[in-house]
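*Asks:* Only the shape, not the letters, is given here:
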């Protein structure tokens, strides 16, 4: 059960918030202790990411998964407020003056059915809490992309190829700036990669990514 400021005691204890050592690129938890240097997971070592740093607030399992699904599909928009606080805490290593915050976009057909973009709700509240500029329609989806669920890593990236671009009337806002991209869930990173590449093509000087929940293979 969520309150105005977060979760009740039992729910808080059942929510897998990410703490300790994490991959500096994708935010997945890593074994070991923090030693003051950036560490990368095996996936990020094997495949370069088109962004500088990434973080996530919780793991996408147990109560973390339940919260995301309730927010995304259950009209639990009240969860945006506490979720923004969790995101703000997770994003601290990446926050800097002048950062432009933007959500991962939905295709208009999916937005029409869902009535809201959950990522835009998160990014808007996060930007306000951090005192940063927010551009909710910086990016658009050129085409509807089928669900990523059940697809392997290669298929996820193929599904998002050339699917995201900058809004033609917003491209000037990204030129010469660093951008923080926000989404509800990160799995392979394919969606973030497509969005990051669109921002870089429009002249962004650096990209950071932030997810409410992170899917971890071994979690």
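*Replies:* Nice, thanks for sending it over. The model shown is predicted, which means the values in this text are computed figures rather than measured ones. Numbers count the residues shown, from 1 in each chain.
*Asks:* What's the per-residue pLDDT of the nearest residue to residue 49 once chain neighbours are set aside here?
*Replies:* Spatially, and ignoring its direct neighbours in sequence, residue 49 is nearest to residue 25 (5.1 Å; CB to CB, 6 or more residues apart in numbering). Any C-beta I mention is one placed from the backbone N, CA and C, and that applies to glycine too. Note on residue 25: pLDDT of 97.
*Asks:* what's the answer for residue 188, then?
*Replies:* Looking at residue 188, its pLDDT is 88.
*Asks:* residues near it, how many?
*Replies:* A count of neighbours around residue 188, defined by other CB atoms under 10 Å, yields 20.
*Asks:* what about it, which helix or strand?
*Replies:* Under DSSP states H and E, no helix or strand contains residue 188.
*Asks:* That one and residue 90, how far apart?
*Replies:* The gap separating residue 188 from residue 90 is 19 Å, by CB to CB, to the nearest Å.
*Asks:* ok, back up a step: mind listing what the residue nearest to residue 49 touches?
*Replies:* 40-41, 44, 49, 51, 53-54 (CB atoms under 8 Å, 6 or more residues apart in numbering).
*Asks:* Residue 124 now?
*Replies:* 103, 134, 136.
*Asks:* related to what we said a few turns ago, going by neighbour count, which of the contacts of residue 25 comes out on top?
*Replies:* Result: residue 54 is most packed of the contacts of residue 25 (other CB under 10 Å), 28 neighbours.
*Asks:* So the nearest residue to it once chain neighbours are set aside: helix, strand or coil?
*Replies:* Using CB to CB, 6+ apart and skipping the chain neighbours, the partner closest in space to residue 54 is residue 209 (4.2 Å). With DSSP: H, G, I helix; E, B strand; the rest coil as the basis, residue 209 sits in strand.
*Asks:* Do you have the helices of this structure handy? List them.
*Replies:* Taking DSSP state H as the criterion, the chain carries its helices at 9-14, 42-46, 62-73, 80-91, 108-114, 118-130, 153-160, 171-174, 190-201.
*Asks:* Residue 33 against residue 19, yeah?
*Replies:* No - applying CB atoms under 8 Å, one finds residue 33 not in contact with residue 19, separated by 11.7 Å.
*Asks:* Tell me which of those two has more neighbours.
*Replies:* For residue 33 and residue 19, the more surrounded residue by other CB under 10 Å is residue 19, and the numbers stand at 10 against 7.
*Asks:* With that, I have no additional questions.
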